[in-house]
Every structure is written in structure tokens, then in C-alpha cells.
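Visitor: here is the input, now give the coordinates:
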Amino acid sequence: MNLKNKNILVVGLAKTGVACARFLASKGARVTVTDMRGEADLTAQLAELAGYDIIRELERHDEAIFAASDLIVVSPGVPMDLPQLIAAKLAGVEIVGEIELAGRFIDVPLAAITGTNGKTTTTTILGAIFKHNGYHTFVGGNIGTPLIGVAESHGIYDQVVAEISSFQLEWITSFRPTVAALLNLSEDHLDRYPDYQAYIDAKLRIFENQTGDDFAVVNRDDPLVWQYVQGIKACLFPFSRKMELEEGIFFKDGVITYRYDGREECFPTAAIRLQGVHNLENIMAAVACALLLGCRPDETFETILCFEALHHRMEFVREVNGVSYYEDSKATNVGSVEKALESFTDITLIAGGKDKGGSYAPLIPLIKERVQHLILIGEAAGRMEQELGLFADTRRAATLEEAVRISAKITAAGGTVLMSPACSSFDMFRDYEERAQKFIAAVKAL
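Guide: So this is what the prediction gives:
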């Protein structure tokens with residue numbers, strides 16, 4: 001792809017937009033960046049662009065500049081229905097996202113991980129497996145370094161592992177992973193998409209450019225996933241923790257078994273440090289991707305044995321008076337909370353935050369079965385109480401700290417207090433990390 005002297009507009013100056021602007025300028029393109037924020041809000045981002053010949057259009061999106069561009073590169077946070085983008089598309093301007101741009105410059109195997117939950121853990125495990133197998137591995141995408149970093153560092157890497165969000169898949173045209181994994185599907189981001197189907201359709205685009213030479217690692221236990229992947233061109237490679245598979249990777253009797261092309265590898269799980277049923281699925285997906293792309297079984301097993309939980313994903317905080325406290329602040333949707341609830345019994349669940357528009361009803365069976373007490377916080381507390389309040393002893397708390405104090409009083413020894421919100425954090429906190437730190441501090445203060 002020749003970028004020299006092309007008029008290219010980068011829309012959105014978050015981390016991804018900055019990385020794209022730098023890359024495009026280094027390739028000789030005439031780059032303009034546009035953002036609705038002003039200089040005062042973009043000090044750090046503009047400092048990263050210092051030294052590059054880049055035009056800035058701040059505090060506005062000029063439709064004329066959009067229409068006059070040879071190419072528009074859209075950051076993931078920018079909605080597809082932005083009027084200037086719609087007008088530019090009608091005028092025939094090519095519009096791509098960052099992963100599409102990066103994909104055109106990547107000539108080594110690419111493993112792409114998507115799904116509503118588990119993406120970050122699976123991506124991180126897979127990256128660790130490749131590194132332990134001796135590959136010069138890039139790990140990034142929706143976490144850490146934008147994928148365009150591979151293109152910027154041409155020739156350094158021989159394997160790429162990328163977490164990919166639905167937002168990133170919206171503007172692809174030729175993006176083609178060697179192995180693409182779809183971990184699960186549950187309602188999320190309904191504040192961005194018109195309905196659940198639109199969100200699902202965005203996720204499924206990860207497979208659309210694959211051929212029979214590529215692999216699709218998919219969750220056999222998720223009925224929606226299994227329904228929607230029938231008929232894709234890639235070679236289907238299922239994973240399951242509920243059924244034995246003739247070909248694929250599955251969990252049975254304490255052993256993960258990988259079967260493919262007449263070969264079988266077995267990995268006993270007793271000594272694996274990463275706990276929780278959701279992590280069993282994440283591990284199987286990562287191992288499948290790794291072995292399909294040539295990793296050795298022994299080094300792969302060594303990696304998963306040593307791997308420990310990432311911060312804010314089912315993280316043990318401490319035990320007080322016989323009660324275990326777990327922090328799961330990254331659980332910002334119902335599907336993620338379902339996996340957390342499957343991992344414990346006799347639970348006091350602290351949930352709530354900024355509502356994302358989906359139904360909380362899928363939690364009802366697990367709340368009936370496993371939750372003794374439900375403590376609700378934040379903007380979503382009212383709606384959550386309406387949908388879930390009949391199925392456990394339900395209380396409200398004005399703050400997260402108050403919720404922790406209430407949980408300490410009402411949870412019997414042997415029980416578990418789990419902060420797994422099913423909501424985003426932006427009503428009360430800067431982000432999910434701040435919410436996690438406040439919870440940890442409140443538990444340590446008991």
C-alpha cells in the first residue's frame with residue numbers, strides 16, 4: 001500500500017489515532033488529524049506528534065476535509081454514524097480502521113482474539129506461550145500497543161497476537177487473521193449499537209476474510225457462537241468444557257485434551273494456578289491457537305501452569321473472619337458476571353454502576369442457585385433491583401465502601417464476597433481500575 005503524498009485524515013486522537021498519525025507521516029503521507037477536543041485536553045497526544053509535519057483540526061470535524069481526503073483512518077471510539085463519515089463514504093472516500101491499515105503491512109502469522117469476555121486474559125496467555133516458545137511476539141491491539149505498532153516495527157516480529165474489539169472490526173475490508181478466536185457472545189455495548197444483532201454482526205466480521213487455509217477457534221458450548229459460525233470459510237476448531245470432541249480441544253476429568261489431524265496432547269489442570277470456569281475456557285482457546293500455529297506442547301503447558309490472574313479479573317483480595325473477598329471489576333457485562341458466579345457458591349454479590357442497556361435477566365438462574373445476598377450500587381441499582389431483587393436478599397448501598405461494610409456484616413464464614421458489577425464504572429469512578437482499587441482499599445480497611 002503506497003501512502004506517499006496521499007491526503008489522509010485520522011479521526012480521533014486517542015492512543016490509536018496518535019499511533020496511526022505517526023505511522024502515516026513516517027510513510028510520507030500528508031496527514032491531518034481531527035478531534036472534537038481542544039489543545040488543552042490533548043496536551044499529551046499532541047506532544048507525541050511533535051516533530052511530525054501533521055495538520056491539526058481541533059474542536060470540530062470539517063466535512064470538506066473529510067470529503068477531500070484520499071483515505072480516512074477512524075479510531076475505535078468514533079461511531080460509524082458520524083455525519084461527516086457518512087458524507088465522505090457517499091462521496092467515495094475509502095474509510096478504514098486502524099486494524100485494517102495495520103493488517104495491510106503485516107506479513108507474519110496473526111492470531112486475533114475477540115468475544116464479549118475473556119479477550120484480554122486469552123490474548124495475554126497466548127502471547128506468553130509464543131514468547132516461551134521462542135517467537136519474537138507482538139502482543140497488543142485493543143490492549144497495550146495498537147496493532148499499527150507491528151507495521152511501525154517492520155521485521156522485528158515473527159508472530160502477532162491481538163485482542164480485537166467489535167469497534168475495531170467495524171471498518172475492516174481485507175483484515176485476515178491466520179487464526180481468529182471467538183470466545184463467547186453476550187449482550188454488551190447496546191449504548192453503541194442499535195440492537196444486539198448489530199453487535200453480534202460486528203464481532204463475526206473477524207472471520208469474513210479468512211479462507212480454508214485459516215482457523216476459527218470457537219466456543220462449542222456457546223449456542224449463539226456455534227449457530228453463527230456455521231458456514232464460515234475457515235477451518236472450525238471448537239473448544240468445550242462440557243463435551244468431548246472428536247477434533248478440537250476439550251476439558252474432561254481434570255484434563256484438557258487437544259485433538260487435531262490424528263494428534264492428541266493432554267494437559268492435566270490440577271496444578272494450574274489460574275482458577276475459575278471462565279479461565280478454563282480462556283486457557284483452552286489460547287492453547288488451541290498456539291498449537292495450531294506451531295507451538296510445542298511442553299513449553300505451552302509450562303506457560304499455562306505458571307500463569308496467574310490478571311488484575312481486576314476475579315482477583316483474590318483477602319480473607320476476613322472466614323469470608324473470602326474477590327474483586328472482578330473488569331466484569332462490565334452480564335456474560336462476564338455469569339462466569340464469575342459459576343466459580344463460587346454462597347455468594348454475597350456487589351453489583352451495579354452505569355447501565356449499558358442490556359437485560360440482567362440471564363443472571364437469574366445463577367443468583368437463585370448461588371447468591372445469598374445482593375448489594376446494589378450506582379445508577380443501575382434501581383433497574384437491577386427490579387429484575388433481580390426477588391431472587392436473593394437484596395440491599396442498596398450509596399457507595400462501594402458502604403457495600404463492603406454491609407457485606408462484612410451479613411456474609412457467614414465460608415462464604416464469598418464478590419464484586420462483579422455487570423456495569424461500566426463511569427457513574428462513580430474514573431474507570432474500572434479505580435473501582436477495583438476502591439474495593440480493595442475498603443476490604444483491607446475491614
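
Visitor: gap between residue 21 and residue 49?
Guide: Residue 21 is 6 Å from residue 49, where distance means CB to CB, to the nearest Å. Any C-beta I mention is one placed from the backbone N, CA and C, and that applies to glycine too.

Visitor: ugh, wrong one, residue 318
Guide: 44 Å.

Visitor: more neighbours: which of these two?
Guide: Neighbours were counted for residue 318 and for residue 49 using other CB atoms under 10 Å; residue 49 has more, 20 against 12.

Visitor: how close does the more buried one get to residue 361?
Guide: Relative to residue 361, and taking CB to CB, residue 49 is found at 47 Å.

Visitor: can you check residue 205 too?
Guide: 28 Å.

Visitor: who touches both of residue 21 and residue 49?
Guide: Common neighbours of residue 21 and residue 49 (criterion: CB atoms under 8 Å, 6 or more residues apart in numbering): residue 33.

Visitor: where does the stretch 101-250 of the chain dip in pLDDT?
Guide: Within the stretch 101-250 of the chain, no range satisfies pLDDT under 70.

Visitor: where do the strands sit along it?
Guide: Ranges of strands in the stretch 101-250 of the chain, per DSSP state E, counting those that start in this stretch, are 110-114, 137-141, 159-163, 179-182, 215-219, 235-240, 248-252.

Visitor: distance to residue 149 for those strands - can I get that in CSV?
Guide: Below are the strands of the stretch 101-250 of the chain laid out as CSV (distance: least, CB to CB, whole Å):
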stretch, distance to residue 149
strand 110-114, 13
strand 137-141, 6
strand 159-163, 10
strand 179-182, 20
strand 215-219, 24
strand 235-240, 28
strand 248-252, 30
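
Visitor: can you redo the ones you listed as a markdown table with distance to residue 276 and mean neighbour count?
Guide: Converted to a markdown table, the strands of the stretch 101-250 of the chain look like this (distance: least, CB to CB, whole Å; neighbours: other CB atoms under 10 Å):
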| stretch | distance to residue 276 | mean neighbour count |
| --- | --- | --- |
| strand 110-114 | 18 | 29 |
| strand 137-141 | 22 | 23 |
| strand 159-163 | 19 | 28 |
| strand 179-182 | 18 | 27 |
| strand 215-219 | 15 | 24 |
| strand 235-240 | 16 | 21 |
| strand 248-252 | 13 | 21 |
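
Visitor: any idea which of those gets closest to residue 264?
Guide: strand 248-252 (10.4 Å; CB to CB).

Visitor: partner strands of the closest one, parallel or antiparallel?
Guide: In the sheet, strand 248-252 lines up against strand 235-240 (parallel), strand 255-260 (antiparallel) (DSSP bridges).

Visitor: residues in contact with it?
Guide: Residues contacting strand 248-252 (CB under 8 Å, 6+ apart): 220, 237-241, 243-244, 256-260, 269, 280, 284, 287-288.

Visitor: what's the angle between that strand and strand 215-219?
Guide: Orientation check (axes from the mean of the first three to the mean of the last three CA atoms, to 10 degrees): strand 248-252 against strand 215-219 gives 30 degrees.

Visitor: give me the distance from strand 248-252 to the chain's centre.
Guide: 23 Å (CA atoms, centre = their mean, to the nearest Å).

Visitor: which of the contacts of strand 248-252 are buried, as a ChimeraX select command?
Guide: This is the ChimeraX syntax for the buried subset of the contacts of strand 248-252, where burial follows 16 or more other CB atoms under 10 Å:
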select :220,237,238,239,240,241,256,257,258,259,260,269,280,284,287,288
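
Visitor: quick one: contacts for residue 85?
Guide: 11, 66, 72, 74, 78, 95.

Visitor: please report the distance of the residue sitting nearest the centre point of the chain from residue 206.
Guide: Residue closest to the average C-alpha location in the chain (CA atoms, centre = their mean): residue 119, at 4.1 Å. From residue 119 over to residue 206 the distance is 11 Å, taken as CB to CB.

Visitor: find the residues that touch each one of the two.
Guide: Residues touching both residue 119 and residue 206 (CB under 8 Å, 6+ apart) are residue 164.

Visitor: and the residue nearest to residue 292 when sequence neighbours are not counted, what does it touch?
Guide: Using CB to CB, 6 or more residues apart in numbering and skipping residues adjacent in sequence, the residue nearest residue 292 is residue 215, 5.1 Å away. Counting by CB under 8 Å, 6+ apart, residue 215 touches 178, 179, 180, 234, 235, 237, 289, 292.

Visitor: over to residue 421?
Guide: So, once contact is read as CB under 8 Å, 6+ apart, residue 421 ends up touching 328, 329, 331, 332, 337, 350, 351, 352, 353, 378, 435.

Visitor: ok, the first one touching residue 317?
Guide: No. Under the criterion of CB atoms under 8 Å, residue 328 is not in contact with residue 317, lying 10.5 Å apart.

Visitor: give me the neighbour count for residue 412.
Guide: If you count neighbours by other CB under 10 Å, residue 412 ends up with 12.

Visitor: quick check: residue 372 is in a strand.
Guide: Yes. The assignment for residue 372 (DSSP: H, G, I helix; E, B strand; the rest coil) places it in a strand.

Visitor: would you mind measuring from it to residue 394?
Guide: 11 Å.

Visitor: ok, back up a step: which one of the contacts of residue 215 sits closest to residue 143?
Guide: Nearest member of these to residue 143, counting by CB to CB, is residue 289, at 15.8 Å.

Visitor: the closest one is in contact with residue 181, isn't it?
Guide: Yes. When contacts are counted by CB under 8 Å, residue 289 is listed as touching residue 181 (5.9 Å).
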